[in-house]
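**Q** My questions are about this predicted structure, shown below with the sequence.
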Amino acid sequence: MPERKKIYLVNPASGSNVAGLSECIDLLGYGYLCANLSLPTLAALVDETQFEVTICDENVDTVDLDFPCDIVGLTIYHYQRERTYELAAEFRRRGRFVIVGGPFATQNLQQGHPLFDVVFVGEAEHTWLQFLEDYLAGRCRKIYDEYTHPDIASLPPPRFDLMRNERYLLGAIQISRGCPFRCDFCSCTVLYGREMRYKTDAQVLAELNQLHRLGYRALFILDDNFAGDRQRAREILLLIRDWNNSLKEPVMFSTSASVDIAGQSDLAPLFADAMITNVFVGLETPNERSLAGAQKFQNLKTDPLRDVELMHRVGIDVAAGIMVGFDDDDLTIFRRQFEFLQESCIPVCFAGMVLAPDGTPLKERLIKEGRYLGSESVRDHTFGTNVVPKQMTVEQLRHGYFWLMSQLYDEENFLVRVRGILERFPKPHPLMKRYKPREIRRPLKLLSVLYRLFVYYMTDGPRLRIMALRFIPLLFRRWDHVATTIYWMIAFKHFRQMLIKHGVYKRYPEPEIIITGEPVGPVS
């Protein structure tokens, strides 16, 4: 029998980023939020009689540039491009056969790249198998493109056994791909289409059971819009609810969905019954003209403040995604966003300037209008933009955004939102009585997390100490939500440190008075 070929699949480091909670993961004693599923998914499709697969996620491990292998496979997102190129150059210098795929490759490397022997364009489940066959036959193509969207109902469970599971805070599972909406700034439909594709009940249960056996008690459903197909979402929620009810130690979930799930009388309660306790929602903006201009019509059919409160009252912690710099935004938008989010009582707000990702209708329109700055202008997706706004300068947009972020993560303003949501939260779901996070099994680790959190709040300035002291009554008043409240304290540390790291955690002038477009310094 011929010796098996060795494949080394590498996820390059994501670096400091808002979505990965990179600035607070140290408090928790983990390496990263959760695994990228692309590599373990591809590994599951490999014929083990012909190939031996090793996975390295640089977010939780060190890449071995001298790893003995025949093929090096890299995945690439926009924020990873520089590190991916660095790794590719090092592996090529060592004579390795280097391949690449992922969203950035799909949207930017369709013609190939000198650093890569093979580029995968599109979802790779089908082309991956063709490549492996071609590799063994010695006839590889430079480009493997897939312009259809594979049926995910036939995929085997990802090879979680090849991952450093102890280094991730959350387990990861994908149940669907696609989104039915047409938001012009979103690359989801460009990459994965508008038709919702779901895994079967059997697949979902197999992956849930595997992750549970590996010790995870908190999972992230990495779907762009979990409830894109309302009826199928209901079926999956009932499946998860019943699965959780059958467990001695149930699991908590996080995911993403559109705000209008609250308008379906049974849907938000089903999320809560399934123990989906944290939902990322793209609220974007309180400016209805901006929502219409971005074709985010689903948000115009509802009252977002009412819907957020409805989700809070069934026990769902909403994390808000918002943006500033739409064409219909003027300098008043920053204060409008701040007041809107304070009223919403959403502690964790992921705010950003409008971006035009590759392949989106927004990018095409901006190029025609001469208002696209180029992808190279965006080094950081949270603190950068490639858009020239219509009603303000880029400099005004940046300063208004920095003002907004500093206001949202001002100690007192954050506390106001925490107090508000705790007043809305019901008693915890009955399943929470049986919930045991992984840290419970390691009491010393749990104590070290609490100690590091205490040290951070007590030693990093008087305002932070005062904030921590004001948190104490909240912890005792709603002791039934103490874990969630501590999570908010940890998340606050992340956003505050991100702002400090970028030098923008300062008091900027009110955005309305920035009228010249010239750089404006912080106010002392």
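**A** Perfect, thanks for sending it. Bear in mind that the values here come from a model prediction, so they are computed numbers and not experimental data.
**Q** what's the distance between stretch 361-380 and the middle of its chain?
**A** Its chain's C-alpha centre and that of stretch 361-380 lie 22 Å apart, by C-alpha atoms, centre = their mean, to the nearest Å.
**Q** What average pLDDT does it get?
**A** Stretch 361-380 shows an average pLDDT of 83 in the prediction.
**Q** which other residues reach that stretch?
**A** Residues outside stretch 361-380 that contact it (C-beta atoms under 8 Å, 6 or more residues apart in numbering) are 17, 78-79, 108, 184-185, 294-295, 354-358, 384-390, 394, 502. In this view, the C-beta of every residue, glycine as well, is placed from N, C-alpha and C.
**Q** So among those residues, which ones count as buried?
**A** 17, 78-79, 108, 184-185, 294, 354-358, 385-389, 394 (16 or more other C-beta atoms under 10 Å).
**Q** In helices, which of those residues fall?
**A** Asn108, Val394 (DSSP state H).
**Q** Can you report how many residues lie near Glu166?
**A** A count of nearby residues for Glu166, using other C-beta atoms under 10 Å, gives 12.
**Q** what does the one 3 residues further on give?
**A** In terms of burial, Leu169 registers 19 neighbours under the definition other C-beta under 10 Å.
**Q** quick one: secondary structure of the closest residue in space to it that isn't next to it in sequence?
**A** Spatial nearest neighbour of Leu169, excluding adjacent residues (C-beta to C-beta, 6 or more residues apart in numbering): Tyr30 at 4.5 Å. At Tyr30, secondary structure determined by DSSP: H, G, I helix; E, B strand; the rest coil is coil.
**Q** With only the CA atoms kept, save stretch 253-273 in CSV.
**A** C-alpha atoms of stretch 253-273 as CSV (Å, rounded to 0.1, in the frame of the first residue of the first chain):
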residue,chain,number,x,y,z
PHE,A,253,-25.9,28.7,22.4
SER,A,254,-25.1,32.0,20.6
THR,A,255,-26.0,32.8,17.0
SER,A,256,-27.0,35.5,14.5
ALA,A,257,-30.5,36.4,13.3
SER,A,258,-32.5,39.3,12.0
VAL,A,259,-34.3,41.5,14.4
ASP,A,260,-37.7,40.6,13.0
ILE,A,261,-37.7,37.2,14.7
ALA,A,262,-39.3,39.0,17.6
GLY,A,263,-42.3,39.8,15.4
GLN,A,264,-43.1,36.1,15.1
SER,A,265,-45.0,35.3,18.3
ASP,A,266,-43.5,31.9,18.8
LEU,A,267,-40.0,32.4,17.4
ALA,A,268,-38.2,34.4,20.1
PRO,A,269,-39.6,32.1,22.9
LEU,A,270,-38.4,29.1,20.9
PHE,A,271,-34.9,30.6,20.8
ALA,A,272,-35.0,30.9,24.6
ASP,A,273,-36.4,27.4,25.1
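**Q** Quick check: buried residues in it?
**A** The neighbour-count check on stretch 253-273 (16+ other C-beta under 10 Å) flags 253-263, 267-273 as buried.
**Q** Strands - which of the residues you listed land there?
**A** Phe253, Ser254, Thr255, Ser256, Ala257 (DSSP state E).
**Q** tell me the average confidence for stretch 315-324?
**A** The average of the pLDDT scores along stretch 315-324 is 97.
**Q** okay, the angle between the top helix by length along the chain and strand 252-257?
**A** For the chain, the longest helix by residue count, based on DSSP H, is helix 482-501. Orientation of helix 482-501 against strand 252-257 (axes from the mean of the first three to the mean of the last three C-alpha atoms, to 10 degrees) gives an angle of 50 degrees.
**Q** how far is helix 482-501 from where the chain is centred?
**A** Distance, stretch centre to chain centre, for helix 482-501: 16 Å (C-alpha atoms, centre = their mean).
**Q** and that helix, what other elements does it pack with?
**A** Counting by 3 or more C-beta pairs under 8 Å, 6 or more residues apart in numbering; DSSP states H and E, the packing neighbours recorded for helix 482-501 are helix 25-28, helix 394-408, helix 411-424, helix 443-459, helix 462-477.
**Q** The first one packs against which elements?
**A** Same thing as helix 25-28. Where contact means 3+ C-beta pairs under 8 Å, 6+ apart, helix 25-28 is packed against helix 443-459, helix 482-501.
**Q** what's the following helix or strand after that helix?
**A** Sequence-wise, the next helix or strand downstream of helix 25-28 (DSSP states H and E) is helix 38-44.
**Q** Pretty sure Pro389 sits against Ala356.
**A** No - counting by C-beta atoms under 8 Å, Pro389 stays clear of Ala356, with 11.3 Å between them.
**Q** so what's Pro509 scoring on pLDDT?
**A** 68.
**Q** State the number of residues packed around the residue nearest to Leu169.
**A** 20.
**Q** For it, give me its contacts.
**A** Neighbour list for Tyr30: Val60, Arg167, Tyr168, Leu169 [criterion: C-beta under 8 Å, 6+ apart].
**Q** looking at the helices and strands packed on helix 482-501, which is buried most?
**A** With neighbours defined as mean count of other C-beta atoms under 10 Å, the helices and strands packed on helix 482-501 peak in mean count at helix 394-408, which reaches a mean of 23.
**Q** got the CA coordinates for that helix in CSV?
**A** Taking Å, rounded to 0.1, in the frame of the first residue of the first chain, the C-alpha atoms of helix 394-408 are listed here in CSV:
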residue,chain,number,x,y,z
VAL,A,394,-13.9,60.6,5.8
GLU,A,395,-12.2,62.5,8.7
GLN,A,396,-15.5,63.6,10.1
LEU,A,397,-16.8,60.0,9.9
ARG,A,398,-13.8,58.7,11.7
HIS,A,399,-14.0,61.2,14.5
GLY,A,400,-17.7,60.8,14.9
TYR,A,401,-17.3,57.1,15.1
PHE,A,402,-14.5,57.4,17.7
TRP,A,403,-16.8,59.7,19.7
LEU,A,404,-19.6,57.2,19.5
MET,A,405,-17.5,54.2,20.6
SER,A,406,-16.0,56.2,23.5
GLN,A,407,-19.5,57.1,24.5
LEU,A,408,-20.8,53.6,24.3
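**Q** quick revisit: of the helices and strands packed on helix 482-501, which approaches Arg232 most closely?
**A** helix 411-424 (29.0 Å; C-beta to C-beta).
**Q** Who are the packing partners of that closest one?
**A** Here helix 411-424 touches helix 304-313, helix 333-344, helix 462-477, helix 482-501, going by 3+ C-beta pairs under 8 Å, 6+ apart.
**Q** swap the cut-off to 6 Å and go again
**A** Helix 411-424 is packed against helix 304-313, helix 462-477, with contacts defined by 3 or more C-beta pairs under 6 Å, 6 or more residues apart in numbering; DSSP states H and E.
**Q** want to try a markdown table for the ones you listed, with distance to Arg434 as columns?
**A** What follows is the helices and strands packed on helix 411-424, written out as a markdown table (distance: least, C-beta to C-beta, whole Å):
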| stretch | distance to Arg434 |
| --- | --- |
| helix 304-313 | 23 |
| helix 462-477 | 22 |
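**Q** Which positions within the longest helix of the chain qualify as buried?
**A** The neighbour-count check on helix 482-501 (16+ other C-beta under 10 Å) flags 484-485, 487-499 as buried.
**Q** what's the angle between that helix and helix 394-408?
**A** Relative orientation of helix 482-501 versus helix 394-408 (the same axes, to 10 degrees): 150 degrees.
**Q** ok, back up a step: closest to Ile346 among the buried residues of helix 482-501?
**A** Nearest to Ile346 among these, with distances taken as C-beta to C-beta, is Trp488, at 10.4 Å.
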